[in-house]
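for reference, the sequence and a predicted model appear below.
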Amino acid sequence: MKIQVTADLLDGLVLALLNKKDYYGYALTQDMQKAISISESTMYPVLRRLRSNGYLTTYDQAYQGRNRRYYKITVEGQQHLKRVLEMWTNYKQSLDKVFLVSSKGDGQ
């Protein structure tokens, strides 16, 4: 069974990685796949959306005769990441209350 990842959570995961360092698309997808199942065909629309919202900027860098497009988090992206982290913390705490109660088996 796979748990579906919402757009907000996906945005937060991408921004969290980019908050550590700049990435080019393929490397970002590879690191994301360590946490969740995601394809490049899913990742690039997310990156485009984050960029259009002002959360990312891009720059090109030559690599072995080709250009790699790197993604960099903006100040607005860092602020959005904080909002997503807060939403995630609240969501996780509410789920933990349910899961922890049900794991005790007594409903208390």
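Great, that's in hand. Not measured: the values here are computed from a predicted model.

use CA for all of it now, contacts and neighbours both
Noted.

low-scoring stretches of the chain, by residue?
In the prediction, the chain carries residues with pLDDT under 70 at positions 1, 102-108.

in it, which spans are helices?
7-20, 25-32, 40-52, 75-104 (DSSP state H).

which one of these lies closest to residue 68?
Among those, the nearest to residue 68 by Cα to Cα is helix 25-32 (8.2 Å).

re earlier: go through the helices of the chain and pick out the most buried.
helix 7-20 (a mean of 18; mean count of other Cα atoms under 10 Å).

tell me the angle that helix makes with helix 25-32.
With axes from the mean of the first three to the mean of the last three Cα atoms, to 10 degrees defining the directions, helix 7-20 sits at 110 degrees from helix 25-32.

now the angle between helix 75-104 and helix 7-20, please.
Here helix 7-20 runs at an angle of 120 degrees relative to helix 75-104 (the same axes, to 10 degrees).

which other helices and strands contact helix 7-20?
helix 25-32, helix 40-52, strand 66-73, helix 75-104 (3 or more Cα pairs under 8 Å, 6 or more residues apart in numbering; DSSP states H and E).

just give me how far it sits from the chain centre.
With Cα atoms, centre = their mean, to the nearest Å as the basis, helix 7-20 stands 2 Å off its chain's centre.

equivalent analysis for stretch 38-52, please.
For stretch 38-52, the distance to the chain centre is 10 Å (Cα atoms, centre = their mean).

could you find the closest non-adjacent residue to the residue most central in space within the chain?
Compute the mean C-alpha point of the chain, and by Cα atoms, centre = their mean the closest residue is residue 13, 1.8 Å away. Closest residue to residue 13 apart from its sequence neighbours, by Cα to Cα, 6 or more residues apart in numbering: residue 32 at 7.6 Å.

now residue 35. Its backbone dihedrals?
Main-chain dihedrals, residue 35, degrees, to the nearest 10: phi -110, psi -40.
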